[in-house]
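Chemist: Everything below, folded, please.
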Amino acid sequence: MNKLNPIRAVSSLMALCLSTFLFASGAHAQALPDAIAKSKVIKVAVNSIYPPMEYKDPESGDLVGFDIDLGNAIAKELGVKLDWQESAFEQLLPSLATGRVDMILSGMSDVPGRRDTADFLDYLNSGAQFYIIASRGNEIRQAADLCGKSVGTSRSTSFPGDTAAWSAQNCEAAGKPAITVSGTEDTSAARMQLKQGRIMAGVQGSETLPYAMKLEPNTYKPIGVPFATSPEAIAFAKSNPKLRDAVLGALNKLIANGTYAAIVAKWNLQSSAVKQVTMNAAPVH
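Modeler: Residues are numbered from 1 along each chain as shown. Here you go, the predicted model:
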């Protein structure tokens with residue numbers, strides 16, 4: 001048996017530690033697609049009309065919100081910059097499919113119908129929530145009181161379908177008249193119609209309603225609990241698993257080191273926080 005040279009052994013150990021450190025610190029960068037690793041830029045589609053997830057600061061005009069902070073934290077972890085590209089909500093998935101953007105980070109729900117063309121990393125819990133004008137609280141006490149009434153919600157989301165499904169199960173199945181679902185341009189338009197008396201109730205994400213209630217105190221009242229749950233997710237083209245997996249690694253590190261929790265606390269979304277990231281609403285193995 002040959003004796004090990006002490007100096008050579010120490011040198012080998014130091015080299016091993018250094019290579020391990022370099023691999024760990026650069027693991028995400030190595031996992032990025034070649035084009036992004038070279039440009040150091042990820043193109044991100046966003047629809048900036050969904051506070052507190054993403055919206056324009058009224059004073060500076062800058063993009064702000066939970067998704068913006070989370071996206072920038074992911075970018076820092078990956079060693080890249082984000083090129084935020086604003087788009088109408090209905091154009092988000094087409095932009096991803098055609099390669100105009102690399103991913104979508106815009107309060108998008110992970111629902112089965114969208115998984116045919118994209119993969120989703122689920123990073124926040126959300127649910128469809130009924131709400132009314134607070135002054136009508138004596139008239140509408142529970143969700144069942146909305147049977148036969150008009151309910152407005154953003155037509156570009158999954159909420160119209162969620163509301164119709166709830167109506168079928170809870171109104172029509174009980175022999176009551178169905179809810180009339182009124183599609184609106186966005187959630188703010190639904191709130192406007194509600195205040196104008198054109199609809200009896202609205203539906204929007206359970207994570208965004210508290211923000212609207214804070215902006216307009218004593219104006220809105222939630223009815224019941226969220227009646228349809230769907231996680232919010234970052235979307236990736238199925239042809240780009242390398243970027244998806246790199247972002248997954250970054251998200252896991254942000255959860256582990258407390259950065260995710262700090263961003264959640266900043267935007268008062270503790271009740272919607274996840275303990276671990278899932279993919280297409282299923283655990284990641």
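Chemist: going forward, measure contacts between C-alpha atoms and count neighbours the same way
Modeler: OK.
Chemist: Show the model's pLDDT score for the closest residue to Lys238 other than its chain neighbours.
Modeler: Spatial nearest neighbour of Lys238, excluding adjacent residues (Cα to Cα, 6 or more residues apart in numbering): Ala118 at 5.1 Å. pLDDT recorded at Ala118 is 98.
Chemist: same check, this time on Cys17
Modeler: Predicted confidence (pLDDT) for Cys17: 43.
Chemist: one step back: got a list of what the residue nearest to Lys238 touches?
Modeler: Neighbour list for Ala118: 235-238 [criterion: Cα atoms under 8 Å, 6 or more residues apart in numbering].
Chemist: Using CSV, lay out those together with neighbour count, pLDDT and distance to Asp145.
Modeler: What follows is the contacts of Ala118, written out as CSV (neighbours: other Cα atoms under 10 Å; pLDDT from 0 to 100; distance: Cα to Cα, whole Å):
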residue, neighbour count, pLDDT, distance to Asp145
Ala235, 30, 98, 36
Phe236, 27, 98, 40
Ala237, 24, 98, 41
Lys238, 16, 97, 42
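Chemist: Just the ones in strands from those, please.
Modeler: 235-237 (DSSP state E).
Chemist: where's Asp162 relative to Tyr260, distance?
Modeler: Distance of Asp162 to Tyr260, computed by Cα to Cα, to the nearest Å: 29 Å.
Chemist: Who has more neighbours out of those two?
Modeler: Tyr260 (24 against 16; other Cα atoms under 10 Å).
Chemist: Next, the more buried one: secondary structure please.
Modeler: helix (DSSP: H, G, I helix; E, B strand; the rest coil).
Chemist: Setting aside sequence neighbours, what's the nearest residue to it?
Modeler: Nearest non-adjacent residue to Tyr260 (Cα to Cα, 6+ apart): Leu254, at 5.2 Å.
Chemist: mind listing the strands for the stretch 51-200 of the chain?
Modeler: 54-56, 63-64, 81-86, 103-109, 118-124, 127-133, 150-154, 180-184 (DSSP state E, counting those that start in this stretch).
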